[in-house]
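Enquirer: Sharing a model prediction with you, sequence too.
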Amino acid sequence: MDDGRKIAHVPKESWPSFTWYAIEFAIVLAICMLIAREVVGTLTELSPDIQNYVWWGITGLIFLTWYVGIRGFILKKKILRNRY
């Protein structure tokens, strides 16, 4: 008889770790786009071409702030590591 250990699904061993980065990328990009949309929506006196540049600038700035500033420096602190 099989006791179930050989057929049990262990998510940590079968879930590809790169998908967590893809999910994080999608969430960060969506938040950047939503924030930029709200900010550009208040700038009605600008032409649509300038609004497009402002939208991309805000999106890129928030995206770089997350990946370079927050994720690169703050989340890499030794105290936040889960090693014993």
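Expert: Thanks, I have it.

Enquirer: ok, and what's touching the strand or helix carrying Y21?
Expert: Secondary structure assignment for Y21, by DSSP states H and E: helix 18-41. With contacts defined as Cβ atoms under 8 Å, 6 or more residues apart in numbering, helix 18-41 is touched by Q51, V54, W55, W56, I58, T59, G60, I62, F63, W66, Y67. To be clear about C-beta, it is placed using only N, CA and C from the backbone, and glycine gets the same treatment.

Enquirer: Apply the buried test to those residues and list what passes.
Expert: Q51, W55, I58, T59, I62, F63, W66 (16 or more other Cβ atoms under 10 Å).

Enquirer: G41: neighbouring residues, count only.
Expert: Residue neighbour count, defined by other Cβ atoms under 10 Å, stands at 10 for G41.

Enquirer: pLDDT wise, what is the closest residue to W66 other than its chain neighbours at?
Expert: Spatial nearest neighbour of W66, chain neighbours left out: V28 (5.2 Å); criterion: Cβ to Cβ, 6 or more residues apart in numbering. Per-residue pLDDT puts V28 at 91.
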